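Trainee: Okay, predicted coordinates and the sequence, questions at the end:
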Amino acid sequence: MTRLLLRCYPPAWRARYGAELADLISELPMTPAIALDVATSGLRQRRHAAALAINGGLLMTIGPAWRHPTAFAVIGAVLLLPTFAFVGASLLAYELGVDSVRGVIEPVASAMARWRFVDLLLVAAPPLAFLAALAPLVRMGVERRDGGMEAVIAVRARLLNVVVGATALLLAGLLIWHIVVESVLQAGA
Amino acid sequence: MATEPGVSDPGLLLLISLASGPKHGHAMLLDIAQFAGVRLGPGTLYGALSRLEERGHVEAMPAEGRRRPYRLTGSGRGELKGRLGGLSRAVRTGLQRVAT
């Protein structure tokens, strides 16, 4: 009987108070008045929950807001791939002295010297990939709470997105370091 | 559930009951029946309790076996003082008017 009466309450309310209410009911004689009290209170809670869903809670979200995080991470990784390949090959060729890689990277580097927009795309890719990977981890929104409006920012961690974002950051750092070193060397010469 | 004339707002009765110290559900029912002569139903009690907790006026304490005591928060004490102050003004005004 108690279990049946508790079904009148919304699931979230039942999860929080159900066991306590069941315990209290078990200490009282089950009269029709008590059964009616519990049932009507449950229906009031359901009405309250429905009103909150309509009038309260989240009003507006900005950005991807946790939607399609895997797709965004894959887009970020795809954007990052050419820069990753170029920076990786450059490190192998010029920092670690792997000659076979140097033979591959040098024609690409000379082609890039002719088409500066390719250079620009390689530099722009990490920040774009960073944004693509991490944007769905952030939910910015406006919520109605206690009759007023509240701006809220919530962040969640997701391994794939964090790995892509961190790689993008690392590549951006390497590129900036490379550009700064080149500028200093050129100024010195 | 049956109520008697007088203060019958379950939320106010709960705040008054918890003002004397933490209590679990059954102890609140007994206390309220004693000081206000009002027999709240368990559904009404927990409905009011959940609203008060939602507003931060009461908070749950660690469970003692199957029972969980609740206590008044600072905000709940303020709310109780405000509501009793309003009632007290209404009672004074009412008494003055019937006396004249």
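Mentor: That came through, no problem.

Trainee: Now do stretch B:19-38: distance from first to last residue.
Mentor: One end of stretch B:19-38 sits 17 Å from the other (C-alpha to C-alpha, to the nearest Å).

Trainee: The helix or strand hosting B:Arg97: how far from the chain's middle?
Mentor: Secondary structure assignment for B:Arg97, by DSSP states H and E: helix B:74-99. The chain centre lies 14 Å from the centre of helix B:74-99; the measure is C-alpha atoms, centre = their mean, to the nearest Å.

Trainee: now swap in stretch A:158-170 and tell me
Mentor: That offset, for stretch A:158-170, works out to 11 Å (C-alpha atoms, centre = their mean).

Trainee: Now do A:Ala109, the pLDDT please.
Mentor: Note on A:Ala109: pLDDT of 78.

Trainee: what's the closest non-adjacent residue to it?
Mentor: Excluding the flanking residues, the one nearest A:Ala109 by C-beta to C-beta, 6 or more residues apart in numbering or on different chains is A:Ser90, at 7.8 Å. C-beta: built from backbone N, CA, C; applies to glycine.

Trainee: Can you classify that neighbour by secondary structure?
Mentor: Secondary structure assignment for A:Ser90 (DSSP: H, G, I helix; E, B strand; the rest coil): helix.

Trainee: can you list the residues of chain A near chain B?
Mentor: Chain A comes close to chain B at residues A:13, A:16-17, A:19-21, A:23-25, A:27-28, A:33-34, A:37-42, A:44-45, A:146, as judged by C-beta under 8 Å from any C-beta of the partner chain.

Trainee: low pLDDT regions in chain A?
Mentor: Scanning chain A for pLDDT under 70 picks out the ranges A:53-67, A:144-147, A:189.

Trainee: Flag every buried residue along the helix holding B:Arg97.
Mentor: Buried residues in helix B:74-99, defined by neighbour count with 16 or more other C-beta atoms under 10 Å in any protein chain shown: B:76, B:79-80, B:83-84.

Trainee: So what touches the helix or strand of chain B with the lowest mean pLDDT?
Mentor: Least confident helix or strand of chain B, by mean pLDDT, DSSP states H and E, is strand B:58-60 with a mean of 88. For strand B:58-60, the external contacting residues (C-beta atoms under 8 Å, 6 or more residues apart in numbering or on different chains) are B:14-15, B:18, B:49, B:52-53, B:68-73, B:76.
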